[in-house]
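Asks: Return a 3D structure for these sequence lines:
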Amino acid sequence: MALTIFIIYFGFLLIVGPIAAKKMKKKDSSDYILAGRSVPTWLVTGGIIATLINSATLLGYGGSGYSLGISAYFASLGFVAILMWMGYTFIPRLRKTNIVTLPELFSKMFGWKHKVVAVILVMCRDMGVTAGASVGMAVVLSSVFDLSFDIALIITLFITLFFTVTGGMWAVMFTDTIQAAFLVIGSTIMIPLAIMYIGGWDTLLNLIPETHTDMWNAGGIQTFGWIISGALTCVAYQTLIQRGLSANSDKTAKNSFLYAGSIAVVWYMVPFLIGILALVIFPDITPDDAFLRLSTLFGSVGSILFAVIVVSSCISTLSSTILTTASNISNDIYKQWIKPDADEKSVVLVSRISVVAVAIIGSLIARSLPFILELLLTGGRIMAASLAPVLIALVFWARARRAYHSTIWAMVAGALATVTAIIIGSQAGAEEGSVVFVWAVDPILLGLPITLLILIIGTFVETKGKEIMLPDEQEDIVNK
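Replies: The predicted structure is shown next:
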C-alpha cells in the first residue's frame with residue numbers, strides 16, 4: 001500500500017515536468033529560471049508557501065518543538081513576519097532592476113568582485129537548504145520502506161531532478177502550489193487528531209512539561225539571534241526573491257507575499273505543536289523522529305499519507321533551491337566569465353547540468369552533517385550576517401550605492417566572523433537525533449555587528465565630500 005501511494009505521487013511529479021516544459025514559449029534562460037516573468041498570483045503564492053514548508057519546518061521544527069517547546073517558534077518568527085513587508089517595499093524595487101539573480105544586482109552596481117562574493121554567500125544559504133531537504137526526504141523513505149539512507153537519498157535525487165530539469169520554474173511552481181495545499185491542510189489535521197488521542201485539551205495541558213510552555217526556554221540571547229537571523233535570511237533568500245521576480249506584475253508580487261505571509265505566520269505554529277504532542281505521547285524518542293512517530297497514531301494509511309506530506313515538503317523545497325543555485329552557476333558564472341557570448345540555448349543547457357551537480361553536492365553535504373534544521377540555519381546565518389545588510393542598504397540607502405570598498409569589505413568581514421563563530425562557538429544539541437543547536441551566543445550576533453560597523457562607518461568615510469561618477473548602466477540601477 002505504501003509503495004502504491006508513493007508510486008502514484010511520484011508518477012504525478014514525473015508527468016508534470018514534460019507538461020510544464022510546454023509553458024516555456026521563449027525557451028531562454030529567463031523562461032527556464034523565472035518562468036518568463038509571467039506567473040499568476042495563485043502560483044506565486046503557492047510557490048512561496050511551499051518554499052517555506054520543507055523538511056526543516058516539519059521534521060526540523062517539529063524536532064525543536066519536541067526538545068525546546070514553544071520557545072522554538074522564535075526560530076521561524078523573524079522569517080515569516082517579514083514576508084509581507086518584502087512584498088510591499090522590497091520586491092517591487094528589485095523587479096525594476098530586471099535582474100534574474102541577486103549577484104547580478106551587485107555586478108551591475110559595482111562589478112565582478114562584488115558579484116563573486118555575492119555568489120558565494122547566496123549559495124551558502126541555498127546549499128544548506130538543499131542539504132537539509134535531502135536529509136528529510138531520505139529519512140522518511142528509509143523509514144517507510146526500510147531502505148538504507150544512501151539508497152533513499154538516490155531515489156530522492158532522481159525524482160526531484162527529473163521534473164526540475166525538464167520543466168524548470170514552471171514545473172516547480174505547479175508542483176509547489178499543489179503540494180502547498182496538501183502540506184498546510186494535511187499537517188494541520190494532525191493536531192486535533194493527536195489531542196483527541198491524548199484525551200482532550202485539558203489533559204494535554206496537564207501533561208506538557210513547564211519548560212515547553214515557557215516562551216523563553218531557549219534563552220533570551222538565542223531567541224534574539226533566531227529572530228534577527230530569520231528576518232535577514234528571508235530578505236536575502238534568493239529562492240523567495242525569484243518567486244517575486246517571476247510574477248507577471250508588481251501587484252501580483254505584492255499580493256502573493258501578503259497572502260503567503262498571512263498564512264505562514266499562523267501555520268508555523270503547527271510543527272512546534274506537533275513536536276510538543278509527540279513529547280507527551282512518546283517521551284523517549286529522538287527529536288528528529290517526532291513527526292513520523294506521531295503519524296503512526298493514525299493507522300497504516302494515515303502514517304503513509306503523513307509520510308507523503310514530509311516527502312512533498314522536501315521535494316518542493318529541494319526543487320526550488322537547486323534551480324536557484326543552478327541559476328547562479330549558469331547566469332553569474334558561466335555567462336559572466338566562461339562564455340560571455342553564449343546563446344540562450346547553451347545557457348539553459350548549463351542550467352540543467354548545474355541542477356544535477358547542485359543536487360549531488362547538496363546530498364554529499366547532507367551525508368556528512370545530518371542535522372536537519374541546523375543545515376538551513378548555518379547557511380542562513382552566514383548570508384544573513386553579511387550579504388543581507390548590504391543588500392538592504394543598496395536598495396534603501398543611496399549613499400551605500402556609491403561605497404565600492406565599504407560594501408564588499410562589510411560582506412567579507414561579516415561572513416568570516418560568522419564562520420569563525422560557528423566553528424569555535426559553544427553549542428548544545430550535537431547528539432544523535434538532534435535537529436538544531438542552542439548556542440551560548442548565536443554566531444550571527446558576532447558577525448552582524450562587524451558587517452554593520454564597516455558598512456555604515458565605511459560608507460560615510462568613503463563617500464564624504466565626494467561626487468562619485470558611475471557608469472550609465474549603474475546610474476540607471478541606482479536611480480531605480
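
Asks: Provide a list of residues in contact with the closest residue to I5 other than its chain neighbours.
Replies: Using Cβ to Cβ, 6 or more residues apart in numbering and skipping the chain neighbours, the partner closest in space to I5 is I304 (5.4 Å). To be clear about C-beta, it is placed using only N, CA and C from the backbone, and glycine gets the same treatment. By Cβ atoms under 8 Å, 6 or more residues apart in numbering, the contact list for I304 reads 1-2, 5-6, 144.

Asks: Show only the entries of those residues found in helices.
Replies: 2, 5-6, 144 (DSSP state H).

Asks: Break down the stretch 151-300 of the chain into its strands, ranges please.
Replies: In the stretch 151-300 of the chain, no strands are defined using DSSP state E, counting those that start in this stretch.

Asks: Poorly predicted segments of the stretch 251-400 of the chain, please.
Replies: Along the stretch 251-400 of the chain, segments meeting pLDDT under 70 span 313, 316, 366-376.

Asks: between the ones in helices among the contacts of I304, which is closest to S319?
Replies: Nearest to S319 among the ones in helices among the contacts of I304, counting by Cβ to Cβ, is F6 at 17.0 Å.

Asks: Look up how far T57 lies from the closest one.
Replies: Noted for F6: a distance of 21 Å to T57, by Cβ to Cβ, to the nearest Å.

Asks: what's the answer for A231, then?
Replies: A231 is 17 Å from T57, by Cβ to Cβ.

Asks: Over to L273?
Replies: 12 Å.

Asks: Looking at those two, which one has more neighbours?
Replies: Neighbour tally, L273 and T57, criterion other Cβ atoms under 10 Å: the higher count belongs to T57, 31 against 19.

Asks: measure the more buried one to I457 for me?
Replies: From T57 over to I457 the distance is 38 Å, taken as Cβ to Cβ.

Asks: For Y404, give me its contacts.
Replies: Contacts for Y404 (Cβ under 8 Å, 6+ apart) come out as 110, 462.

Asks: now the residue nearest to F6 when sequence neighbours are not counted, what's its secondary structure?
Replies: Leaving aside its chain neighbours, F6 sits nearest to V308 (6.8 Å; criterion: Cβ to Cβ, 6+ apart). What DSSP: H, G, I helix; E, B strand; the rest coil gives for V308 is helix.

Asks: For the ones in helices among the contacts of I304, work out which two are farthest apart.
Replies: Within the ones in helices among the contacts of I304, two members stand farthest from each other by Cβ to Cβ: I5 and V144, at 9.6 Å.

Asks: Between the two, which is the more surrounded one?
Replies: Each of I5 and V144 has its neighbours counted (other Cβ under 10 Å); V144 has more, 20 against 15.

Asks: L3 is in contact with the more buried one, correct?
Replies: No. Applying Cβ atoms under 8 Å as the test, V144 and L3 come out as separate, 9.1 Å apart.

Asks: what's the nearest residue to M383 if we skip its chain neighbours?
Replies: Leaving aside its sequence neighbours, M383 sits nearest to R125 (Cβ to Cβ, 6+ apart; 4.3 Å).

Asks: quick one: average confidence on the helix or strand hosting that neighbour?
Replies: If you go by DSSP states H and E, R125 is part of helix 112-145. For helix 112-145, the mean per-residue pLDDT is 80.

Asks: Relative to the whole chain's centre, how far out is that helix?
Replies: Per Cα atoms, centre = their mean, to the nearest Å, the displacement of helix 112-145 from the mean C-alpha position of its chain is 8 Å.

Asks: quick one: the spatially closest residue to I309 that is not a sequence neighbour and T130, what's the gap?
Replies: In this structure, I309 finds its nearest non-sequential neighbour in G186, 4.5 Å apart by Cβ to Cβ, 6+ apart. Distance from G186 to T130, counting by Cβ to Cβ: 23 Å.
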